[in-house]
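> Sequence plus predicted model, see below.
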Amino acid sequence: MAGGSGSGALDSVSPPIQAFVQTMEAVLGDVAEGRAGEADIGPAAMNALAEVLAAPDLLTTAQCQGAADCYRRHLLYADPQGRFTALCLVWRPGQASVVHGHTAWCTVGVVSGVAHEERFDVVEDEDEGGVRAVHLVGRDADHRPGAVLMTRPGPDGVHRISNRGPDDLVSIHVYGRDLTVDPTLINVVYDE
Ligand SMILES: [Fe+2]
């Protein structure tokens, strides 16, 4: 993974991430056997992430290292069956994502720093054809340590995350697909 590090092996991840993975495996097992529905997976991931965010041994020092040019992704865990991928993202002050939607469910938990989230609506672009993203004024939110947010796949979940604070932002992102080869496969990028 570009700029990343980490492992997909369960025995090499921290105990809190192991606990998160075990909860996810239980939920996904319930879905496979008809005891829960697909729509239950994202909210369950959100709750499981909230349980471990404050654990002091959640991340290693290496997993909290940023990069000068762009926010940095560290792979934390990849489900061997490709059902979900957990990443740690480190954002230095001033770094931001592009405006993007997602190709699968996504939940984000803030470990340290403040995640500034702008939300967008997707509209037809009469001049250019296609679509563009329009900033939803008054819908910005600051997510602080312990906060967990959920975004739906498709045009309802278009946002931009940035670090506008003075300290690094460290956030954990769990996505409902295999991203071990290319983490950008989760994103659908929009023009403003
Ligand atoms: Fe996102």
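Received it, and whenever you're ready, just let me know what you need. Numbers count the residues shown, from 1 in each chain.

> what about Arg83, neighbour count?
Residues lying near Arg83 (other C-beta atoms under 10 Å) number 18. Just so you know, the C-beta spots here come from the backbone N, C-alpha and C atoms, and that holds for glycine as well.

> From the contact counts, what lies against the helix of greatest length in the chain?
Taking DSSP state H as the criterion, the chain has its longest helix at helix 15-32. Using 3 or more C-beta pairs under 8 Å, 6 or more residues apart in numbering; DSSP states H and E, the elements in contact with helix 15-32 are helix 41-52, strand 72-78, strand 85-91.

> at 6 Å instead, please
Where contact means 3 or more C-beta pairs under 6 Å, 6 or more residues apart in numbering; DSSP states H and E, helix 15-32 is packed against helix 41-52, strand 72-78.

> so which of the ones you listed is the most packed in?
strand 72-78 (a mean of 22; mean count of other C-beta atoms under 10 Å).

> and the angle for that one with helix 15-32?
Using axes from the mean of the first three to the mean of the last three C-alpha atoms, to 10 degrees, the direction of strand 72-78 lies 60 degrees away from that of helix 15-32.

> who does strand 72-78 touch, helix- and strand-wise?
Counting contacts by 3+ C-beta pairs under 6 Å, 6+ apart, strand 72-78 packs against helix 15-32, strand 85-91.

> Return it as CSV; C-alpha atoms alone will do.
What follows is strand 72-78, C-alpha atoms only, in CSV (Å, rounded to 0.1, in the frame of the first residue of the first chain):
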residue,chain,number,x,y,z
ARG,A,72,-0.9,9.0,5.4
ARG,A,73,-2.7,5.7,5.5
HIS,A,74,-1.6,2.7,7.6
LEU,A,75,-3.2,-0.6,7.1
LEU,A,76,-4.4,-2.0,10.4
TYR,A,77,-6.3,-5.1,9.4
ALA,A,78,-7.7,-6.6,6.3
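
> Quick one: work out the angle between that strand and strand 85-91.
Here the directions of strand 72-78 and strand 85-91 differ by 160 degrees (the same axes, to 10 degrees).

> and the residue with the largest distance to the centre of the chain, what element?
The C-alpha centroid of the chain is most remote from Asp127, which lies 32.9 Å away (C-alpha atoms, centre = their mean). Using DSSP states H and E, Asp127 maps to neither a helix nor a strand.

> for Val123, same thing?
Assigned by DSSP H and E, Val123 belongs to strand 115-124.

> Next up, the contacts around the most centrally placed residue in the chain.
The chain has His173 as the residue nearest its centroid, 2.5 Å off, counting by C-alpha atoms, centre = their mean. His173 is in contact with Leu87, Leu89, Val108, counting by C-beta atoms under 6 Å, 6 or more residues apart in numbering.

> Equivalent analysis for Leu136, please.
By C-beta under 6 Å, 6+ apart, the contact set of Leu136 is Arg119, Asp121.
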